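# Compute the structure for the input listed below.
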Amino acid sequence: MTRLFLHTRVALAIGLAAATLAMPVHAAPRAVEVDRIVAVVNSEVITSLQLRARIEQAKRQLARQGVELPPDNVLERQLLERLIVERAQVQLAQETSLRVDDATLERAIERIAANNKLSVEQLREALEKDGVAWGRFRDEIRTEILLTRLREREVDSRVVVTDAEIDNFIANNPDAFSGQEFAVAHILLRTPEGASPQQIEAVARRAEQVMSRLRSGEDFARVAAEVSDAPDGLQGGSLGWRPLDRLPALFADAVRRMQPGETSPVLRSAAGLHIVRLVERRGGGAEAVQRLEQTRARHILIKTSEVLSDADAEARLLAIRERVVNGADFGELAKASSADLSAAKGGDLGWLNPGDTVPEFERAMNALQAGEVSPPVRSPFGWHLVQVMERRVQDVTDERKRAAARQALRERKAEQAYEDWVRQLRDSTYVDYRLERE
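As a prediction, this is how the structure comes out:
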């Protein structure tokens, strides 16, 4: 971690909790369902009850979003494939000793409850009232954290953005900083790693069939939920509101030439074939001079591992903090103890703008006065002690452009790298489908 403006994608399944709480389920009693194996993933099985639970969860979410449900057999096939990919990632994490301890899980659940303005006990009661078993919910949150950490380790941590790439981005994307935002939806038809010409042709035929359905007036969200191989397919393919610089380059190039309601031609990337719909656009106008309060901070980072738990890392930082409070030099302790590249500079991160750091770090930093040291703070990178050195107000228009360009390029590279990584993992995973067997 060269600087802490490296973003995190930790969602902690807040959307899952919100969807569950917003859509009460009052199902009539039904006969006990007989469980059976629907797929084997390497040496593990996926059962019909596990698949059924995921289907019911997806149906609640689609209903909440107002997306028309695809046919049951299509939804079943889509969600089984997602369970297979998820199981392959969990297996890789476990094989490489990646774990989520109970303390981390409890903190995540507390944040989910707080975001829903509930206590943990109230969250549990609401979920169980709506038919969601507390144990299953905890398992899903643990898996979500595990997969996020796996992605950070295998993909995000390896993404590098050079100054030359930033210069080129700024020169070739003059509208990226206009303040204009775009609501975009997409459909992905994935091609296998090393696909043969016949496989590519088959996917191209599927893409033309999808385009024909869209030209005939079928609802884009419904078609996306039915056919898209992207993780957001069941959300109608929606990417939400994004500025151009936060869209994949392939999408941004298409969208900037489109009007709301228009659909792109079939686009090709390494992941497969894409169809993009511009739903709406907003904002824009003259670029304003930006004067922001900057904070100069330093930190000590302790990373967790299979041999160092969250509790041990936190305890180590508490001991270091006690030494600082009693007069020890923060910079010298950072040089001796920090696992960050900034250790050589005494943990100094330089001048930070709002949004440059991950939210957990920024909240702790903003609560400090100059000279104060935070309690241990958990972020996706590990555990930190944070000290604010000084603050100032600065004209950062050009600096913010470069920071925004770096972040946009990181997101684009990370997203593409993640798609490639998932495709390679899926193609190397042994899968025995048994869904259609008696």
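
# does Leu278 have beta-bridge partners, and which?
Taking DSSP bridges as the rule, Leu278 bridges to Val184.

# and what of His384?
According to DSSP bridges, beta-bridge pairing links His384 with Leu301, Val377.

# for the one 10 residues further on, same thing?
Each beta-bridge partner of Gln394 is listed here: Leu292, as defined by DSSP bridges.

# And the pLDDT at Asp340?
With respect to pLDDT, Asp340 scores 91.

# Any figure for the gap between it and Leu349?
Using C-beta to C-beta, to the nearest Å, one obtains 9 Å as the distance from Asp340 to Leu349. All C-beta spots, glycine's among them, are computed from the backbone N, C-alpha and C.

# Check the contact lists of the two and give me the overlap.
Applying C-beta atoms under 8 Å, 6 or more residues apart in numbering, one finds that Asp340 and Leu349 are jointly contacted by His299.

# and Val276, that one's in a helix?
No. Under DSSP: H, G, I helix; E, B strand; the rest coil, Val276 sits outside any helix and is assigned strand.

# For stretch 372-382, measure first residue to last.
By C-alpha to C-alpha, to the nearest Å, the extent of stretch 372-382 from end to end equals 20 Å.

# Could you pull out the buried residues of it?
373-374, 376-382 (16 or more other C-beta atoms under 10 Å).

# From these, pick the one nearest Ala108.
Minimum separation from Ala108 among these (C-beta to C-beta) is found for Arg378, which lies at 10.1 Å.

# Need the pLDDT of that closest one.
pLDDT, Arg378: 90.

# In this structure it contacts Glu106, no?
No. Arg378 is beyond contact range of Glu106, at 11.7 Å (criterion: C-beta atoms under 8 Å).

# still on that earlier bit, could you point out which of the buried residues of stretch 372-382 is nearest to His186?
For those, the nearest to His186 is Pro380 (26.3 Å; C-beta to C-beta).

# which residues in this protein form strands?
Under the criterion DSSP state E, the chain contains strands at 37-41, 44-47, 181-190, 238-243, 267-269, 272-282, 291-302, 348-352, 377-379, 382-395, 431-433.

# can you put the ones you listed in a markdown table and add distance to Val90?
Listed next are the strands of the chain as a markdown table, based on distance: least, C-beta to C-beta, whole Å:
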| stretch | distance to Val90 |
| --- | --- |
| strand 37-41 | 9 |
| strand 44-47 | 9 |
| strand 181-190 | 20 |
| strand 238-243 | 26 |
| strand 267-269 | 27 |
| strand 272-282 | 24 |
| strand 291-302 | 26 |
| strand 348-352 | 34 |
| strand 377-379 | 22 |
| strand 382-395 | 22 |
| strand 431-433 | 14 |
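
# Between those strands, which one is closest to Trp421.
strand 181-190 (13.1 Å).

# And the contacts of the closest one?
203, 206-207, 210, 220-221, 223-224, 227-230, 232-233, 236-244, 247, 251, 255, 271-283, 423.

# ditto for stretch 305-322
97-99, 101, 103-104, 300, 302-304, 333, 337, 373, 375-376, 378, 382-385.

# for the record, mean pLDDT for stretch 218-234?
88.

# Any idea how far apart the tips of it sit?
End-to-end distance for stretch 218-234, by C-alpha to C-alpha: 16 Å.

# Tell me the gap between that stretch and the middle of its chain.
Here stretch 218-234 is found 19 Å from its chain centre; the criterion is C-alpha atoms, centre = their mean, to the nearest Å.

# Give me the contact list for that stretch.
58, 61-62, 67-71, 74-75, 78-79, 81-82, 185-190, 206, 210, 213-214, 235-239, 263, 272, 277.

# Isn't Thr191 up against Ser269?
No. Taking contacts as C-beta under 8 Å, Thr191 lies outside contact range of Ser269: 9.4 Å.

# between these two, who's got more neighbours?
Thr191 (21 against 16; other C-beta atoms under 10 Å).

# What about that one? Give its phi and psi, please.
Backbone torsions for Thr191, taken as degrees, to the nearest 10, come to phi -110, psi 140.

# Distance of it relative to Glu332?
On the measure of C-beta to C-beta, Thr191 and Glu332 end up 54 Å apart.

# same check, this time on Glu306
For Glu306, the distance to Glu332 - C-beta to C-beta - is 29 Å.

# who has more neighbours, these two?
It is Glu332, of Glu306 and Glu332, that has more neighbours when counted by other C-beta under 10 Å, with 12 against 9.

# list the contacts for that one?
Gly346.

# can you rerun that using 10 Å?
324, 346-347 (C-beta atoms under 10 Å, 6 or more residues apart in numbering).

# May I see these arranged in a markdown table, with neighbour count and distance to Arg434 as well?
Formatted as a markdown table, those follow (neighbours: other C-beta atoms under 10 Å; distance: C-beta to C-beta, whole Å):
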| residue | neighbour count | distance to Arg434 |
| --- | --- | --- |
| Val324 | 17 | 59 |
| Gly346 | 16 | 59 |
| Gly347 | 26 | 54 |
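
# mind listing the helices for the chain?
14-22, 48-65, 72-95, 102-115, 120-129, 134-154, 163-172, 197-215, 220-227, 249-255, 310-325, 330-337, 359-366, 397-427 (DSSP state H).

# got the buried residues for stretch 304-320?
In stretch 304-320, counting by 16+ other C-beta under 10 Å, buried: 304, 309-310, 313-314, 316-317, 320.

# do the same with stretch 166-173
For stretch 166-173, using 16+ other C-beta under 10 Å, the buried residues are 166, 169-170, 173.

# Surely Glu106 touches Val120?
Yes. Under the criterion of C-beta atoms under 10 Å, Glu106 makes contact with Val120 at 8.2 Å.

# hang on, the earlier thing: right, and the helices of the chain - which one's nearest Glu293?
Nearest of the helices of the chain (C-beta to C-beta): helix 359-366, 9.6 Å.

# by contact count, what packs against that closest one?
Using 3 or more C-beta pairs under 10 Å, 6 or more residues apart in numbering; DSSP states H and E as the contact test, the elements touching helix 359-366 are strand 291-302, strand 348-352, strand 377-379, strand 382-395.

# Where do the domain boundaries of this structure fall?
Here the domain parsing of the chain from automatic domain parsing is 14-25+33-154, 163-286+401-433, 291-395.

# before we move on, the earlier item: can you put the buried residues of stretch 166-173 in a markdown table and add distance to Glu144 and pLDDT?
Shown next, in a markdown table, are the buried residues of stretch 166-173 (distance: C-beta to C-beta, whole Å; pLDDT from 0 to 100):
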| residue | distance to Glu144 | pLDDT |
| --- | --- | --- |
| Ile166 | 32 | 91 |
| Phe169 | 31 | 88 |
| Ile170 | 35 | 85 |
| Asn173 | 33 | 77 |
